[in-house]
Every structure is written in structure tokens, then in C-alpha cells.
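1. A predicted structure for the sequence below; I have some questions about it.
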Amino acid sequence: MSILLTGGAGFIGSHTAVELINAGYDVIIADNLSNSNEKVIDRIKMITNRRPKFYKIDVSEVEELCKIFDENDITGVIHFAGFKCVPESTKVPLKYYRNNLDTTLSLLEVMSKYKCNSIVFSSSATVYGDKNPVPFEENMPVGGATNAYGKTKLMIEEILKDIAMSSKDFSAVLLRYFNPIGAHPSGLIGESPDGIPNNLMPYVTQTAIGVRKFLTIYGTDYNTHDGTGVRDYIHVVDLAKGHVAAIKYATEHTGVEAINLGTGKGSSVWDVIHAFEKANGVKVPVQIGERRPGDIDECYASVYKAAELLNWRAKLSLEDMCRDSWNWQKNNPKGYESIWQYKNKWENVKSGYLVAFYIKYFIIYFLIHIFLLLKLYFQVAYLVEQAKTKTREFGAFKEINDNYPKYILSLDRANFSEDGIIHKNIIEWLLDI
Ligand code: UFG
């Protein structure tokens, strides 16, 4: 069964590709790499031993999308493609409306043309706004998003509901994510933000590794157990497995279901920092800052619907998330642009990356030693030759001294200077005999 992942080279998309492949699906990724890196495709192959099919396209381009549907028999789509930076969306809302809505509308048109009826949409807990009490339940009223990013999520949810109303074969699962963090335990894929991170965990890991000086805690006067904002952090691998369950559900049912993907547990900013320091034995320097506009006190999920409909629940702990986030950061200090993977477990190395590193290292080491040995050999040979010459010279002089009168007689070419010292050419001549 082939599943198309739009935006599948991103943080959540790449982890979902791994879990889908592990579950036996064929994965096709369509991504314009505007906020991701093509190296992800190699890394997915390293983890799973299977390379997903990759199309570098803009999902809003209908013709390009049609080409993918022509070349593959696609059963369902998981739609991740879209811009996701909340602060940017408040500055350039049009960019967000244009991109996030265009990609969705093009995709839905093409899906309809090719009679592909199952979609899982990457929505967000942001649709619950700031008026609902926690934990957020799927049947609570949505709306009140304070930024263009959140509003595009709401709009797309509404579009999908309308299509489901108009077509009895259509099936959509709206996955409302809470706060995905962590990384694949191999350390091969993870979150790789461009520039200064907006979200908490990448900021924590970059501070711990020294790229950032301090983590700023945005406000300590929230109505929470320690005054800092509380969120429902979920391991990205758990989240990815939730997508596998959701696409299975979407291909077996019709209609629309909104489903939370969270753990149901809230952790404050301080809780995350302490868990990170404990799990990894590193310090995270912090400073206290002002509240960030738009942030709410608490946000965590009701998780019963996911358990009931998808038979899925998050299993990994905050400690697992902190450990894997740090493992990713350490192994990839410059994200996907990092050159080598310093693995501590051989089982993680499913390709020749580390092996290639050792072979290269060994060849360089070998060549340097050959060079040093040759140098040593020539130095010793030179010294031996010098010693031999000196010995022969000394012997010759001794012989000359001992037999001085005899040589004088025999040398008709004798070439003495006036003071009786033997010339160099005579010594050379003597050395030859
Ligand atoms: N925080 C800091 N310092 C930082 C970054 C974040 O103190 O440098 C705090 C925030 O104030 C908040 C918590 O850490 O209390 C989590 O902030 P994130 O930016 O990591 O996540 P948000 O909950 O603000 O937003 C996330 C996603 C959104 C999504 C939302 C849904 O980034 O896309 O969850 O609830 F809409």
C-alpha cells in the first residue's frame, strides 16, 4: 500500500516515513525542501534499509502532483506540507494563507481527480484557542487562534469537513498535535530548525551544546504549579506511530474525525529543563524573560479518543524525549549539514557512514606512517653512508701517513701544495684504489 507524504522530509514527516516503512507501507515523499533537507531521505534509508520515493515538488503545483499520482498507485495521503512558524505567521500572514491553503486545495483537487479518498491532516492543538479548559477534548469548540498559522489549520479542518459532507467515500483524520519533541533513537533524524529556534526543546539543546548562551524562560507568572507555561510534550516517534494508526483508520473508514495526539500529561518549562539536565547530565544556563505574546497557561490533551478509535497511545516518557533530543543534537551539531555521525552504538550504523569514516581515517593513518618510515629509512641510509665515507677517509689518511714515503715515490701525478698538505683530488684518487 502506497502512502504519499506531502512535506514528508520535515521533522514529523521523516519520523512518520520511518514508522510507515517499518509497518510495511510504501512511502512516497513530496517536498519542496523549503524547510527541510534532502539528506533526510538517505537517513530514512539508513534506518529502515528502504529508500522512500522522493519528488522535489511544490505541492501547490497541480501538474507536478498529477505526475506523482500517474506514476504511483496511492492509497492515502498524509498532508504535512505547510509553513509552521507562529511568530513569522503574525508578521507575514499572507505568505501563510497563500502557501498553506494553496498546497491543500491543489492536493485535494488532485486526490479527487485520482479518486484517492483518504487523508490524514497535520493539524494542531492551537485550534483549541485560549478559552477551553484543559485537558482539551476533541468535541470542544475550536477557534480563537491568535495567529495566521493557527487560522490556516482551522480553515483546512473546515475545508476537509465540507468535502466529507459532500462525498460519502471521503475520509479525513485531523490530527491535532500537541508539542512534538525528541528524535529517532538512532540520532539520524531529528528537528533541524533554520536559524534561531522558536520552540523550547531545540532552544534547550542548542543552549546545552553552547550554540546559544542562555535559554530565556518566557514568563514565570503563569497560573501553573511553578509559574512557567505547561505543555503536553510528546515524543516524535510516538507521534509518528499515531500517524500510522491514523492512515490505517482513514483507509478503513469514511467521514471526518479530529483526534488529539498528546500524552495527556502537562510539563512546565522548568520540568523540561530539569528532566533534560537529569537525563543527560548537562547544565542548561537560563535567564528569566517576559511572557511571549499569545502563550497560554496550560495546554494538554485528552487522549481517550485516540486510544478508542486508533488503538494508539503515547508510550515514551519526558526522559526519553530529553535523551533522544540531546542524542540528535550531539550527533548533528549543525543539523543535517553535520559531516559525521559519532555513533556510540554499532547497531545504529545501518549504512557505511561510520565504516567509511574509519576506512578513510585508516588510509590516511597508513599513508602518513609509510611516509614517516621512508623518511626514517633514507635518513639512516644517509648517516650510514656518511659514517662509511668518514671511516674510509680516516683509513686512507692513516694509510697515507703510514706509507707516506712510498706514495710519494709512486705518485708521478703527485700534486702537493707548497706546505706539503695533500690535495683533495689526491685523496679521492687514493680512496679509489
Ligand atoms: N518557551 C520558553 N522559551 C523558549 C521557547 C519556549 O520559555 O525559548 C516556553 C513557551 O513560553 C511555552 C513552552 O516553552 O510555555 C513551549 O513553547 P513552544 O514554542 O515550544 O511551543 P508552543 O506550545 O508555544 O507551540 C507549539 C507549536 C505550535 C502549536 C502549539 C500547539 O510550536 O505550532 O504548540 O499547542 F500550535
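-> Structure's in. What do you need? Numbers count the residues shown, from 1 in each chain.
2. Residue ranges in the stretch 301-433 of the chain under the pLDDT threshold?
-> Applying pLDDT under 70 to the stretch 301-433 of the chain picks out residues 339-358, 397, 400, 403-433.
3. In it, what residue lies closest to the ligand?
-> residue 301 (9.4 Å; Cβ to the nearest ligand atom). To be clear about C-beta, it is placed using only N, CA and C from the backbone, and glycine gets the same treatment.
4. nearest residue to that residue other than its sequence neighbours?
-> Of all residues beyond its chain neighbours, the one nearest residue 301 is residue 262 (2.9 Å), with distances taken as Cβ to Cβ, 6 or more residues apart in numbering.
5. Ramachandran coordinates for the one residue in the stretch 201-350 of the chain that gets nearest to the ligand?
-> Closest residue of the stretch 201-350 of the chain to the ligand, Cβ to the nearest ligand atom: residue 229 (2.3 Å). Backbone torsions of residue 229, given as degrees, to the nearest 10, read phi -60, psi 140.
6. do the one 3 residues further on as well
-> Listed backbone geometry of residue 232 is phi -100, psi 90, with angles given as degrees, to the nearest 10.
7. circling back: so what's the residue of the stretch 301-433 of the chain closest to the ligand bridging to?
-> residue 136 (DSSP bridges).
8. Helices of the stretch 51-200 of the chain, residue ranges please.
-> 62-71, 86-91, 93-113, 148-166, 200-208 (DSSP state H, counting those that start in this stretch).
9. Any part of stretch 93-113 near the ligand?
-> No: figure legend: stretch 93-113 not in contact with the ligand (Cβ under 6 Å from any ligand atom); closest approach 11.8 Å.
10. Identify all contacting residues around that stretch.
-> Stretch 93-113 has contacts (Cβ atoms under 8 Å, 6 or more residues apart in numbering) with 6, 58-62, 65-66, 69, 77, 79, 81-83, 88-89, 117, 119, 147-149, 151-153, 155-156, 159-160, 163, 167.
11. hmm, 6 Å instead?
-> Stretch 93-113 has contacts (Cβ atoms under 6 Å, 6 or more residues apart in numbering) with 59-60, 62, 65-66, 69, 81-83, 89, 148-149, 152, 156.
12. which of the residues you listed count as buried?
-> Among the contacts of stretch 93-113, those scoring as buried are 59-60, 65, 69, 81-83, 89, 148-149, 152, 156 (criterion: 16 or more other Cβ atoms under 10 Å).
13. and of these, the nearest to the ligand?
-> Using Cβ to the nearest ligand atom, these come closest to the ligand at residue 149, 6.5 Å.
14. Quick check: the closest one touching residue 85?
-> No: using Cβ atoms under 6 Å, residue 149 is not in contact with residue 85; the gap is 7.0 Å.
15. related to what we said a few turns ago, redo the contacts of stretch 93-113 as CSV? Include distance to the ligand and pLDDT.
-> Shown next, in CSV, are those (distance: Cβ to the nearest ligand atom, whole Å; pLDDT from 0 to 100):
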residue, distance to the ligand, pLDDT
59, 19, 98
60, 21, 98
62, 27, 98
65, 25, 98
66, 31, 98
69, 29, 98
81, 15, 98
82, 11, 97
83, 10, 97
89, 9, 96
148, 12, 97
149, 7, 97
152, 11, 98
156, 13, 98
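16. just the strands in the stretch 201-350 of the chain please.
-> 215-218, 230-231, 233-235, 255-261, 267-268, 286-289, 298-299 (DSSP state E, counting those that start in this stretch).
17. Does anything pack onto the longest helix seen in the chain? Which helices or strands?
-> Longest helix of the chain, by residue count under DSSP state H: helix 353-402. Helix 353-402 sits against helix 424-432, with contacts defined as 3 or more Cβ pairs under 6 Å, 6 or more residues apart in numbering; DSSP states H and E.
18. Show me what from the stretch 251-400 of the chain comes close to the ligand.
-> 269, 292, 295, 299.
19. Tell me which of the residues you listed fall in helices.
-> Using DSSP H, these in helices are residue 269.
20. So which of the residues of the stretch 251-400 of the chain next to the ligand wins on neighbours?
-> When neighbours are counted by other Cβ atoms under 10 Å, residue 269 leads those with 24 neighbours.
21. do you know how far that one is from residue 166?
-> As judged by Cβ to Cβ, to the nearest Å, residue 269 and residue 166 stand 44 Å apart.
22. Can you name the residues bridging to the nearest residue to residue 289 once chain neighbours are set aside?
-> Nearest residue to residue 289, sequence neighbours excluded (Cβ to Cβ, 6+ apart): residue 216, at 4.0 Å. With DSSP bridges as the criterion, residue 216 is bridged to residue 287.
23. farthest-separated two in the residues of the stretch 251-400 of the chain next to the ligand?
-> 292 and 299 (13.4 Å; Cβ to Cβ).
24. one step back: tell me the most buried of the strands of the stretch 201-350 of the chain?
-> strand 233-235 (a mean of 27; mean count of other Cβ atoms under 10 Å).
25. Against which helices or strands is that strand packed?
-> strand 179-181, helix 318-331.
26. got the buried residues for stretch 119-128?
-> Buried, per 16+ other Cβ under 10 Å, within stretch 119-128: 119-128.
27. Between the two ends of it, how far is it?
-> 21 Å (Cα to Cα, to the nearest Å).
28. got the residues of the stretch 51-200 of the chain near the ligand?
-> So far as Cβ under 6 Å from any ligand atom goes, the stretch 51-200 of the chain lies against the ligand at 84, 86, 124-126, 150, 178-179, 198-200.
29. Out of the residues you listed, which comes closest to residue 286?
-> Using Cβ to Cβ as the measure, the one of those that approaches residue 286 most closely is residue 200, at 11.4 Å.
30. Neighbours of that closest one, how many?
-> When neighbours are counted by other Cβ under 10 Å, residue 200 comes out with 20.
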